[in-house]
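A.B. asks: Mind folding the following:
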Amino acid sequence: MCGRFTLTVELSSIIKVFQAQIDNAGFAYGKRYNIAPGQNILAITHTEETREISCMRWGLIPHWANDISIANKLINARAETVDRKPSFKPSFLNRRCLIPADGFYEWQKKAGGKIPHRITLPGREVFAFAGIWAKWRSPQGRDIHSCSIITCEANAQMKDIHNRMPVILTEERDYHTWLTSDNTTALKELMQPFDGPIMVYPVTRQVNSPGNDFPSLIDEQIIN
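C.D. replies: Prediction:
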């Protein structure tokens, strides 16, 4: 699964890499060192003319949901079933997004407990998770945009840490395909374990608390 990630780059880098623009004047951005489910995150969607960066709640709320509580169970969508499950299928077919990140956390089970690790891509300032999104209207008439990160089997470098990993996209052609294609086969070809180099290193257990969000969380720790 993917339950925490980071986005510590400048907003200008996100705009440049994804060739996107901010969708409203009230948009506020800050570097994040421990992004957790239920929080607002950046998502990039495609319109007829451009790509737009906006904020969405992490944890998908399908349009048919009675309330937002279901979002806690829908922070991730499995690549193997995203095109079939009722909670995800409409979004997979019609509402896909890119979720900018520069790293993510996973916990490795050890005899002394779980050890958090940060995973990054060497040489990549920022990349994208493949995502899907939905619009839900509350009983009070408020529209909430929410999203889910798609996961796949872990690649060889990740398997010792966890058996799943987010679907990672790094190339402009893949961004374009994910956002615009109606070819299910082409989309499924993107939902594969990342085949490039990754860097994995242990970090402080302070990252366990979603209330912690400060730069030293991403510093490498020495594990005895």
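A.B. asks: which helices and strands does the lowest-mean-pLDDT helix or strand in the chain pack with?
C.D. replies: The weakest-scoring helix or strand in the chain, judged by mean pLDDT, DSSP states H and E, is strand 20-22 (a mean of 92). Other helices and strands packing on strand 20-22, by 3 or more CB pairs under 8 Å, 6 or more residues apart in numbering; DSSP states H and E, are helix 11-18, strand 51-58. (Each C-beta comes from the backbone N, C-alpha and C, glycine too.)
A.B. asks: Name the residues that touch that strand?
C.D. replies: 14, 15, 44, 50, 51, 52, 53, 54 (CB atoms under 8 Å, 6 or more residues apart in numbering).
A.B. asks: ok so, going back, most tightly packed of the helices and strands packed on strand 20-22?
C.D. replies: Stretch with highest mean neighbour count among those: strand 51-58 (a mean of 20; mean count of other CB atoms under 10 Å).
A.B. asks: Please name the strands paired to that one in the sheet, noting orientation.
C.D. replies: strand 20-22 (parallel), strand 40-46 (antiparallel), strand 143-153 (parallel) (DSSP bridges).
A.B. asks: next one: that strand to chain centre, how far?
C.D. replies: 11 Å (CA atoms, centre = their mean, to the nearest Å).
A.B. asks: one step back: buried residues, the least confident helix or strand of the chain. List them.
C.D. replies: By neighbour count on 16 or more other CB atoms under 10 Å, the buried set for strand 20-22 is residue 20.
A.B. asks: Ok, stretch 70-83 next?
C.D. replies: 70, 71, 74, 75, 76, 77, 78, 79, 82.
A.B. asks: the helices in the chain, which residues?
C.D. replies: Listed in chain order, the helices of the chain (DSSP state H) span 11-18, 89-94, 172-180, 184-190.
A.B. asks: what would those look like in CSV with mean pLDDT and distance to residue 219?
C.D. replies: Listed next are the helices of the chain as CSV, based on pLDDT from 0 to 100; distance: least, CB to CB, whole Å:
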stretch, mean pLDDT, distance to residue 219
helix 11-18, 96, 21
helix 89-94, 97, 36
helix 172-180, 98, 30
helix 184-190, 97, 32
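A.B. asks: Can you lay out those as CSV showing distance to residue 163?
C.D. replies: Shown next, in CSV, are those (distance: least, CB to CB, whole Å):
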stretch, distance to residue 163
helix 11-18, 29
helix 89-94, 22
helix 172-180, 24
helix 184-190, 20
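A.B. asks: Indicate which one of those helices is closest to residue 105.
C.D. replies: Closest of those to residue 105 is helix 11-18, at 19.8 Å (criterion: CB to CB).
A.B. asks: helices or strands up against that closest one?
C.D. replies: Secondary elements touching helix 11-18 (3+ CB pairs under 8 Å, 6+ apart): strand 20-22, strand 51-58, strand 96-101.
A.B. asks: Out of the contacts of strand 20-22, which comes closest to residue 104?
C.D. replies: Distances from residue 104 to those, taken by CB to CB, are shortest for residue 14, at 16.1 Å.
A.B. asks: I'd guessed the closest one sits against residue 125; true?
C.D. replies: No - if you go by CB atoms under 8 Å, residue 14 and residue 125 don't touch, sitting 9.3 Å apart.
A.B. asks: on that earlier part again, adding distance to residue 207, write the helices and strands packed on helix 11-18 out as CSV.
C.D. replies: CSV is the format used below for those (distance: least, CB to CB, whole Å):
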stretch, distance to residue 207
strand 20-22, 28
strand 51-58, 16
strand 96-101, 15
